[in-house]
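In: Pasted the sequence and its predicted model underneath.
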Amino acid sequence: MKRYCAYLCLLESTERQDEFETMKLMSLLQRVLLPLFLLLHLALSVYTQLDRNLLEKGGVLWSGILPINAGTTISDQDLANLAREAYQEMASDYKAKRDDKTLPSRFKPGDRPSVLAALVNPDGSRIFFSTNVKGLLSVLVALTPLGGPDQKIIQALNRCQLSVEEITVESSRDDIKHVNKAACAEILLAHEYFVYTQNGEIGQSRILAVERRGPDTPVQVTLKPFCDIIPGQPARGTYGCLGVMNELGVTGVNIEPNGDPLRPEISLGQMIQQTLC
């Protein structure tokens, strides 16, 4: 009987040791393979990445900046098709980051950013991408510390606020807000541009936005006009991206993405990210 008990104790000890060794192996694999997976995933991202600093504040947004290599000219159709490619890449990455738990569980499939904007700077040397932001109650509170109150996008928003002529009796000038609470891709793209260039000149840049169209089988996008006041309703107490883009002097591109692949002549450098907060 004693021998049998000793055998059981030895067996239990061996099982515990095996379980401990398995846990050590799993921990090692997690420490080694997860960073490798993340590095590989970042390497596969061509146009945008998740802004992890903004994620810490509760918002999700994808952005990226790519140099346009010498000898490459980005036409308006190229810009539309590049925005299409960037949106489709982002949509795939959003799903991957939900699957691997990078994103909190409160971000459901329907919470994916719905719009992506693309901008070519005035001298045609860089292309900027940004989605709209989801998950933040106050976009400007999150963004202002990095750009500061003197940043040009903040000034443009303030000018739009002052330009609204009709105010309700119940409200004041301070109650006037951007129609989408400044969470639009165009606003955040301008913010990205001004932070990266340290308030550089944005006038005569070309900008275009695309949004999802239909179900994700596969992901399709279409041209998105700049948001403005709601047609048929008074412009009282609100303004949109159309007014902000006019204030900044950028040129809106009004071309639909088509089904063509990108021209092989397009040569872009490696993407970098300018965090927005």
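Out: Alright, I've got the coordinates.
In: Need the phi and psi values for Gly252.
Out: Per-residue torsions, Gly252: phi -80, psi 130 (degrees, to the nearest 10).
In: all helices of the stretch 1-150 of the chain, in order?
Out: Secondary structure of the stretch 1-150 of the chain (DSSP state H, counting those that start in this stretch): helices located at 2-44, 52-56, 76-99, 139-147.
In: Can you list the buried residues in the shortest one?
Out: Spelled out, that is helix 52-56. Burial within helix 52-56, assessed by neighbour count using 16 or more other CB atoms under 10 Å, is assigned to 54-55. Yep, even glycine has a C-beta here, placed from its N, CA and C like the rest.
In: quick one: low-confidence ranges for the stretch 101-250 of the chain?
Out: Low-confidence segments of the stretch 101-250 of the chain, defined by pLDDT under 70: 137-138, 140-150, 164-177, 217, 229-238.
In: what residue is smack in the middle of the chain?
Out: Trp62 (2.2 Å; CA atoms, centre = their mean).
In: Looking at that residue now. What's its pLDDT?
Out: Per-residue pLDDT puts Trp62 at 97.
In: Over to the one 10 residues further on?
Out: Predicted confidence (pLDDT) at Thr72: the value is 97.
In: Could you number the chain from 29 rather than 1 from now on?
Out: Will do, 29 is the new start, and the previous item becomes Thr100.
In: Would you enumerate the residues in contact with it?
Out: 293-296 (CB atoms under 8 Å, 6 or more residues apart in numbering).
In: Is the residue nearest to the centre of the chain bridged to anything, and to what?
Out: Under DSSP bridges, the beta-bridge partners of Trp90 are Leu78.
In: tell me the contacts of it?
Out: By CB under 8 Å, 6+ apart, the contact set of Trp90 is 76-79, 118, 121-122, 141, 144, 157-159.
In: where does the nearest residue to Arg241 once chain neighbours are set aside land in three-state SS?
Out: Once flanking residues are discounted, Arg241 sits nearest to Thr250: 4.2 Å by CB to CB, 6 or more residues apart in numbering. Secondary structure assignment for Thr250 (DSSP: H, G, I helix; E, B strand; the rest coil): strand.
In: just to revisit the earlier point, and the contacts of Thr100, which of them are in helices?
Out: Among the contacts of Thr100, no member is found in helices (DSSP state H).
In: Write a ChimeraX command that selects only the buried members of the residues you listed.
Out: Here is the ChimeraX command that picks out the buried ones among those, judged by 16+ other CB under 10 Å:
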select :294,296
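In: Give me the neighbour count for Glu229.
Out: By other CB atoms under 10 Å, the residues close to Glu229 number 14.
In: so Val74 makes contact with Glu117?
Out: Yes - here Val74 reaches Glu117: they are 6.2 Å apart, a contact under CB atoms under 8 Å.
In: Contacts only, for Ser233.
Out: Residues in contact with Ser233 (CB under 8 Å, 6+ apart) are 147-150, 221, 278-279.
In: Let me fix that, I meant to ask about Glu220.
Out: 91, 93, 156, 158, 302, 304.
In: Now it: which helix or strand?
Out: Element membership for Glu220, per DSSP states H and E: helix 213-225.
In: what angle separates that helix from helix 104-127?
Out: 90 degrees (axes from the mean of the first three to the mean of the last three CA atoms, to 10 degrees).
In: Just the CA atoms of helix 213-225, as PDB, please.
Out: What follows is helix 213-225, C-alpha atoms only, in PDB (Å, rounded to 0.1, in the frame of the first residue of the first chain):
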ATOM      1  CA  ALA A 213     -10.800  61.600 -41.900                       C
ATOM      2  CA  GLU A 214     -10.200  64.900 -43.700                       C
ATOM      3  CA  ILE A 215      -9.800  66.800 -40.400                       C
ATOM      4  CA  LEU A 216      -7.500  64.200 -39.000                       C
ATOM      5  CA  LEU A 217      -5.500  64.000 -42.200                       C
ATOM      6  CA  ALA A 218      -4.900  67.800 -42.000                       C
ATOM      7  CA  HIS A 219      -3.900  67.400 -38.300                       C
ATOM      8  CA  GLU A 220      -1.400  64.600 -39.300                       C
ATOM      9  CA  TYR A 221       0.000  66.900 -42.000                       C
ATOM     10  CA  PHE A 222       0.500  69.900 -39.700                       C
ATOM     11  CA  VAL A 223       2.100  67.800 -36.900                       C
ATOM     12  CA  TYR A 224       4.500  66.100 -39.300                       C
ATOM     13  CA  THR A 225       5.400  69.300 -41.200                       C
END
